[in-house]
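1. Need coordinates for the below:
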Amino acid sequence: MPETDLSLLIDAAQDAGEIARRFVGNDLDISHKDADNSPVTAADLAVNRMLEDKLRHARPDYGWLSEESPDNAARLSAEALFVIDPIDGTRSFIEGSRTWAHALAVVRDGRVEAAVVYLPLRDKLYAASLGHGARLNGRPIGVSRRAESDGAEVLATRPSVDPRHWPGGLPDLRRSHRPSLAYRLSLVAEGRYDAMVTFRPSWEWDIAAGALILTEAGARVTDRRGGALRFNNPHPQTDGVLAANPALHGALLDRVL
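-> Numbers count the residues shown, from 1 in each chain. Sure thing, here's the model as predicted:
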């Protein structure tokens, strides 16, 4: 990985924050995608255009995968690629919340090697590079040490705590939620929550950056069944996500399988 990939992502994320801020409180020109009726705003598209121009100009040999760009099979043969969510938590952005994020990652040979999750309205910039730890605003961070599933503070949607997903028995956990999946992952990396779980198929652009930040913070991050996460798949989704420190991850996985 070129030494400057992480600094490139940090710079691009901060530029994305400047663009997104200009749209706050203004006309968002909201439309809805044909595939799933999810909203997209003028801010999503403006941030995406800037990121694609800036990042691909800096690394013309890298592939490109973004929520707001048409997919191109050429990325599958690229040794490295950018995996981008211009605004993760678009509904929150529309509602005027501060919990949306820019999620940027560099993936090489299926592994994330550099990652940034930036929440400009909360002044929180999470960053990691493979083998060099995770940081929040430059300060090292690490996951919690809770080993028992009962009493764990877990970020999850309400459907994720339906007992049908927990054949081993639903733990007596304390559930919280944040709209941005990238932010949920980062909060666990920061140690503010013990675990994050989603049983829904998860788009790579939502989780790639957070997955590395979590791993570098000491977590085990897998799909919902404990399988390793690999990125740049032909269909860019994973079978859910389960993330926690290794001991708690094992305790939760025992209840899921």
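2. CA only for contacts and neighbour counts going forward, please
-> OK.
3. show me where pLDDT drops low in the stretch 151-257 of the chain?
-> Within the stretch 151-257 of the chain, no stretch has pLDDT under 70.
4. can you give me the strands in it?
-> Ranges of strands in the stretch 151-257 of the chain, per DSSP state E, counting those that start in this stretch, are 153-155, 174-176, 195-198, 202-203, 220-222, 237-238, 241-244.
5. nearest to residue 113, of those?
-> strand 220-222 (14.7 Å; C-alpha to C-alpha).
6. related to what we said a few turns ago, next, format the strands of the stretch 151-257 of the chain as a markdown table and append mean neighbour count and distance to residue 121.
-> Below are those laid out as a markdown table (neighbours: other C-alpha atoms under 10 Å; distance: least, C-alpha to C-alpha, whole Å):
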| stretch | mean neighbour count | distance to residue 121 |
| --- | --- | --- |
| strand 153-155 | 22 | 21 |
| strand 174-176 | 16 | 20 |
| strand 195-198 | 26 | 23 |
| strand 202-203 | 18 | 24 |
| strand 220-222 | 23 | 27 |
| strand 237-238 | 20 | 28 |
| strand 241-244 | 28 | 25 |
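7. buried set for stretch 78-87?
-> Going by neighbour count (16 or more other C-alpha atoms under 10 Å), the buried part of stretch 78-87 is 78, 80, 81, 82, 83, 84, 85, 86, 87.
8. want to throw those residues into JSON lines with secondary structure, distance to residue 121 and pLDDT?
-> JSON lines is the format used below for the buried residues of stretch 78-87 (DSSP: H, G, I helix; E, B strand; the rest coil; distance: C-alpha to C-alpha, whole Å; pLDDT from 0 to 100):
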{"residue": "78", "secondary structure": "coil", "distance to residue 121": "34", "pLDDT": "96"}
{"residue": "80", "secondary structure": "strand", "distance to residue 121": "30", "pLDDT": "97"}
{"residue": "81", "secondary structure": "strand", "distance to residue 121": "27", "pLDDT": "98"}
{"residue": "82", "secondary structure": "strand", "distance to residue 121": "24", "pLDDT": "98"}
{"residue": "83", "secondary structure": "strand", "distance to residue 121": "22", "pLDDT": "98"}
{"residue": "84", "secondary structure": "strand", "distance to residue 121": "19", "pLDDT": "98"}
{"residue": "85", "secondary structure": "strand", "distance to residue 121": "17", "pLDDT": "98"}
{"residue": "86", "secondary structure": "strand", "distance to residue 121": "15", "pLDDT": "98"}
{"residue": "87", "secondary structure": "strand", "distance to residue 121": "12", "pLDDT": "98"}
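9. want to throw those residues into TSV with distance to residue 134?
-> Shown next, in TSV, are the buried residues of stretch 78-87 (distance: C-alpha to C-alpha, whole Å):
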residue	distance to residue 134
78	26
80	21
81	21
82	19
83	18
84	19
85	19
86	21
87	21
